[in-house]
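1. Everything below, folded, please.
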Amino acid sequence: TPIREAIRKLELEGLVIMIPRKGAEVASISEKSMRDVLEVRRALEEVAVELACKRITPEQMEDLKRAYRVFASSIDSKDLISIAQKDEAFHEAIYHATQNQKLEQMINNLREQMYRYRLEYIKDKDILVEEHKQIMDALESHDVEAAKQAIRTHIDNQQSTVLKNLKIQTK
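-> Residues are numbered from 1 along each chain as shown. Model (predicted):
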């Protein structure tokens, strides 16, 4: 029963598909699925940076800077999973700075669906460090519009990169 419930949850999240008389199969990454997830993420991330700009404490700003430095120093690693974890830690520092547990909870509910795309996106490492720096700088200066623009650019670039990588993989 616990396994069936776990598979059902994965199916509801769009991570597996059920095939009659065969079982569960990992769902492929589709352009539609990616767009759907990133549209929701973009909206939630914009709210997150807006709230973080207004509410971030000096201690939380230091946590964000530390997460940025750790991420930036790991970007040349060959371990994509480790890079993705450090990318998540950077974003989690922003979510925590919102001081809004419901928002953090909603974003965390998307985490597994976003993770598959994040692994594709971090393959384009060159731009990630700069995007994170722009987000961090806007938060540090409490510039809501710059933060929202930086996070939109970050997510739009993620979508473009993943689409490009998916098209390469299908050729």
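
2. Please count neighbours and contacts with C-alpha atoms only from this point.
-> OK.

3. Centre of this protein to the edge, which residue is at the far end?
-> R21 (34.8 Å; Cα atoms, centre = their mean).

4. That residue: which element?
-> For R21, there is no helix or strand it lies in under DSSP states H and E.

5. residue ranges for the strands of the chain, please.
-> 16-19, 23-26 (DSSP state E).

6. Looking at those, spot the one closest to I127.
-> I127 lies closest to strand 23-26 among the strands of the chain, at 29.6 Å (Cα to Cα).

7. Next up, phi/psi of the residue farthest from the centre of the chain, please.
-> phi 60, psi 20 (degrees, to the nearest 10).

8. if I look at it, how far off is E104?
-> 38 Å (Cα to Cα, to the nearest Å).

9. And T57, by the same measure?
-> In terms of Cα to Cα, T57 sits 17 Å off from E104.

10. if you count what's nearby, which of those two comes out ahead?
-> Set T57 next to E104 and count neighbours by other Cα atoms under 10 Å: E104 wins out with 19 against 15.

11. and the residue nearest the centre of the chain, what does it touch?
-> Note on the chain: the residue nearest the mean C-alpha position is M114, at 5.6 Å, using Cα atoms, centre = their mean. By Cα atoms under 8 Å, 6 or more residues apart in numbering, M114 lies in contact with V37, L38.

12. What score does it have for pLDDT?
-> The model reports M114 with a pLDDT of 75.

13. Looking at this protein, which helix is longest?
-> Scanning the chain for the longest helix, with DSSP state H as the assignment, gives helix 144-170.
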